[in-house]
Each structure stands twice: as structure tokens, then as C-alpha cells.
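Engineer: I need the structure of the sequence given here:
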Amino acid sequence: MKKNVTQKIIYSNHQILTIMAIQNYLDRLKQMDQLIRLKSTGSPKQFACKLGISERTVYEYLNVMKCEGAQIGYSPLIESYYYENEGSFIVGYQEKIL
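Structural biologist: Purely as a prediction, here's the structure:
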């Protein structure tokens, strides 16, 4: 295969994302999931800081997670996002157990 073909993927909105960008995106979703499960996200601003992204981008990621079925709430009392139903956001390949 040509190097160009394996290094680039055309996304639905016609943006070209490199494999590294996709990996970073998936890694960030995993990191968000972990912080949400631990209830240690902090405020939206603190969450963004922990992830090294803007607050607006945090909301965009949360929206993606919600669109995929995650029921995510925010508690001002504990200053953290949390899953309304116990669970985790799975990102990656998972083998079928027979």
C-alpha cells in the first residue's frame, strides 16, 4: 500500500485526519472516561485544563459520548461529571467471548 493511503483517512465532513489525530482523539475519550468514572473531573474549566483542551472542546467530547449512549451528569456539589448509570465508555477493539 502507498504511504499516503495508510496515513490519511477521509472523515465524513471531508476533513483529512491523520492516524495520529484519530489516536489522540480516542486516547482523550479514554482519559475522559477514567476521570468521569473516578468522579474527579473538576469543573468544566478544570476538566479542560486536565485534558489540555478548551472548555468548548470538552463539551464537544461530552456530546459525542452522550450520542453514543453515555448518560453523563454534572454535580456542582462534588464538582465533577459522573455517569448516571454505572458503566464505562469503551473505546477500542474487544474480542468476543465464547
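Engineer: which non-adjacent residue is nearest the residue nearest the centre of the chain?
Structural biologist: By CA atoms, centre = their mean, the chain has its centre lying nearest to residue 29, at 2.1 Å. Nearest residue to residue 29 in three dimensions, chain neighbours excluded: residue 91, at 4.9 Å (CB to CB, 6 or more residues apart in numbering). To be clear about C-beta, it is placed using only N, CA and C from the backbone, and glycine gets the same treatment.
Engineer: got the contact list for the one you found?
Structural biologist: Residue 91 is in contact with 26, 29, 30, 33, counting by CB atoms under 8 Å, 6 or more residues apart in numbering.
Engineer: run the last query once more with 10 Å
Structural biologist: Residue 91 is in contact with 25, 26, 27, 28, 29, 30, 32, 33, 65, 68, counting by CB atoms under 10 Å, 6 or more residues apart in numbering.
Engineer: pick out the most distant pair among those residues.
Structural biologist: Largest separation among those by CB to CB: 27 and 68, giving 16.2 Å.
Engineer: any low-confidence regions in this protein?
Structural biologist: For the chain, the stretches flagged by pLDDT under 70 are 1-17.
Engineer: which residue ranges form the helices in it?
Structural biologist: With DSSP state H as the criterion, the chain has helices at 3-7, 19-37, 44-51, 55-67.
Engineer: quick one: closest of those to residue 96.
Structural biologist: helix 19-37 (20.5 Å).
Engineer: contacts for that closest one?
Structural biologist: 6-9, 11, 15, 17-18, 40-42, 47, 50-53, 57-58, 61-62, 64-65, 68, 70, 72-74, 80-83, 86-92.
Engineer: now with 7 Å?
Structural biologist: Here helix 19-37 makes contact (CB atoms under 7 Å, 6 or more residues apart in numbering) with 7, 9, 41, 50-51, 61, 65, 72, 81-83, 88-89, 91.
Engineer: what do you get for stretch 62-77?
Structural biologist: Contacts to stretch 62-77, defined as CB under 7 Å, 6+ apart, come from residues 29, 36, 81, 82, 83, 84, 85, 89.
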